[in-house]
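Engineer: no sequence on this one, just coordinates:
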């Protein structure tokens, strides 16, 4: 099969169907997108539990980082926390962002790959309860699971089994979902296997063809280190909006080697490659570069309980501000607020009443 142009017969069929749908909408004078934001990501069932520091030491886990694990290690860790109090949620970086957008009232859709198993059914049920349109595909492998261990210092140690996520391919791509959206959102976590890369590359082509804004979140320093050249190419050639934290921006721009660790300059440099660059900096100011202007937005101070999903929800808040038509600076404030309310609780999604809490300050 010829993969040069990243098109399969199945995807061509989907594209023809999507073009037919758009033609039908045009005929009746309705060309508004069905979705505000659609996302492509790794669906993971998050299992969060509190542990003592000794648990990490006894099981050879490095505090505060994400460990990629295999199926056997996943089952071992789940067995060790079987009797603990646990929070179970539909997670994964991109799904977290999409879920919080849904809570805020945005029209959203999600594609990714799950297994035909109990965890997969749990994931699909939970996103359905949030009003997320599902374009999920199923696979013979187990659904991805992330066992998140939270120590007394509120630090999270993540243990991720990707499972079926890694099998997402170009044949799974719902062209119609992208074509009917205002924004297409993806993270660097999807740039992993050959199949995923092909799917991402074609998705970017589709988004550009239909004038859908492309939003790229670098996701993780580890991902940037592995795929720096590819990420730069995606940003320069495709992305309209880029999210990063300061460490990711430094790694992407090779600021460590050049001795230029300055968040303002990193934001300007990143913003020179795309339409809008947003660089988060922990408890310090967020930096935004748009149309030649650098904007700084202070972070909301809060009582941190669990930092899981802070960046994902920051992106959700920022995109929600754009959807609502707020100025860029206000989008940054909304993003910071949503992220601050997320880390006041256990779990990667914003609290269920986040929409009401946000409306009270707008």
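Structural biologist: Thanks, I have it. Keep in mind that this is a model prediction, so the values were computed, not measured.
Engineer: what packs against the strand or helix carrying residue 158?
Structural biologist: Using DSSP states H and E, the secondary-structure element containing residue 158 is strand 156-161. The contact analysis (3 or more C-beta pairs under 8 Å, 6 or more residues apart in numbering; DSSP states H and E) places strand 156-161 against strand 66-68, helix 71-80, strand 144-150. C-betas here are computed from N, CA, C, even on glycine.
Engineer: After it, which helix or strand is next?
Structural biologist: helix 175-179.
Engineer: Can you report phi and psi for the residue nearest to the spatial centre of the chain?
Structural biologist: Ranked by distance to the mean C-alpha position of the chain (C-alpha atoms, centre = their mean), the top residue is residue 94 at 2.4 Å. With angles defined as degrees, to the nearest 10, residue 94 sits at phi -60, psi -50.
Engineer: ditto for residue 293
Structural biologist: Listed backbone geometry of residue 293 is phi -120, psi 130, with angles given as degrees, to the nearest 10.
Engineer: same question, residue 219
Structural biologist: For residue 219, the backbone dihedrals are phi 80, psi -50 (criterion: degrees, to the nearest 10).
Engineer: What is the burial count for it?
Structural biologist: The tally of other residues near residue 219 (other C-beta atoms under 10 Å) stands at 26.
Engineer: Next up, the contacts around it.
Structural biologist: If you count contacts by C-beta atoms under 8 Å, 6 or more residues apart in numbering, residue 219 has them with 93, 187-189, 248.
Engineer: quick revisit: chain center to the strand holding residue 158, what's the gap?
Structural biologist: Here strand 156-161 shows a centroid-to-chain-centroid distance of 16 Å under the convention C-alpha atoms, centre = their mean, to the nearest Å.
Engineer: in its sheet, what does it sit against?
Structural biologist: Applying DSSP bridges, strand 156-161 is found paired with strand 66-68 (parallel), strand 144-150 (antiparallel).
Engineer: average pLDDT for that strand?
Structural biologist: Averaging pLDDT along strand 156-161 yields 90.
Engineer: who's in contact with it?
Structural biologist: Where contact means C-beta under 8 Å, 6+ apart, the residues beyond strand 156-161 that reach it are 44, 56, 61-71, 73-74, 77, 142, 144-151, 306-308.
Engineer: try 6 Å
Structural biologist: Residues from elsewhere that reach strand 156-161 (C-beta atoms under 6 Å, 6 or more residues apart in numbering): 61, 63, 66-69, 74, 77, 144-150, 308.
Engineer: what's the angle between that strand and helix 71-80?
Structural biologist: With axes from the mean of the first three to the mean of the last three C-alpha atoms, to 10 degrees as the criterion, the two stretches strand 156-161 and helix 71-80 enclose an angle of 130 degrees.
Engineer: related to what we said a few turns ago, so which of the helices and strands packed on strand 156-161 comes closest to residue 324?
Structural biologist: Taking C-beta to C-beta as the measure, these were each checked against residue 324, and strand 144-150 came out nearest at 30.7 Å.
Engineer: now that closest one: how far from the chain's centre is it?
Structural biologist: Between the mean C-alpha position of strand 144-150 and that of its chain there is a distance of 16 Å (C-alpha atoms, centre = their mean).
Engineer: contact partners of that strand?
Structural biologist: With C-beta under 6 Å, 6+ apart as the criterion, strand 144-150 contacts 42, 44-48, 50-51, 74, 77, 91, 156-163, 165, 306, 308.
Engineer: picking up where we left off before, looking at the contacts of residue 219, which are in helices?
Structural biologist: Here DSSP state H is the test, and the contacts of residue 219 give 93, 248 as lying in helices.
Engineer: where in the chain is pLDDT low?
Structural biologist: Residues of the chain meeting the criterion pLDDT under 70: 1-31, 255-260, 306-308, 346-348.
Engineer: Run through the helices of the protein in chain order.
Structural biologist: Going by DSSP H, the chain shows helices at 9-27, 53-58, 71-80, 93-104, 118-129, 175-179, 194-209, 221-237, 246-252, 255-258, 263-271, 310-324, 328-342, 354-359.
Engineer: Of all the ones you listed, which one is nearest residue 36?
Structural biologist: Of all the helices of the chain, helix 310-324 sits nearest to residue 36, with 4.9 Å by C-beta to C-beta.
Engineer: And the closest one, what's buried?
Structural biologist: For helix 310-324, the neighbour count (16 or more other C-beta atoms under 10 Å) marks 310-323 as buried.
Engineer: Report the distance from it to the chain centre.
Structural biologist: The chain centroid and the centroid of helix 310-324 are separated by 11 Å, computed with C-alpha atoms, centre = their mean.
Engineer: Just want the angle from it to strand 156-161.
Structural biologist: 90 degrees.
Engineer: who are the neighbours of helix 310-324, in terms of helices and strands?
Structural biologist: With contacts defined as 3 or more C-beta pairs under 6 Å, 6 or more residues apart in numbering; DSSP states H and E, helix 310-324 has these neighbours: helix 93-104, helix 328-342.
Engineer: Now do it and helix 328-342, the angle between them.
Structural biologist: 140 degrees.
Engineer: hmm, who's touching helix 310-324?
Structural biologist: Under the criterion C-beta under 6 Å, 6+ apart, residues 36-37, 93, 96-97, 100-101, 104, 106, 217, 243, 280, 330-331, 334-335, 338-339, 342-343, 350 lie in contact with helix 310-324.
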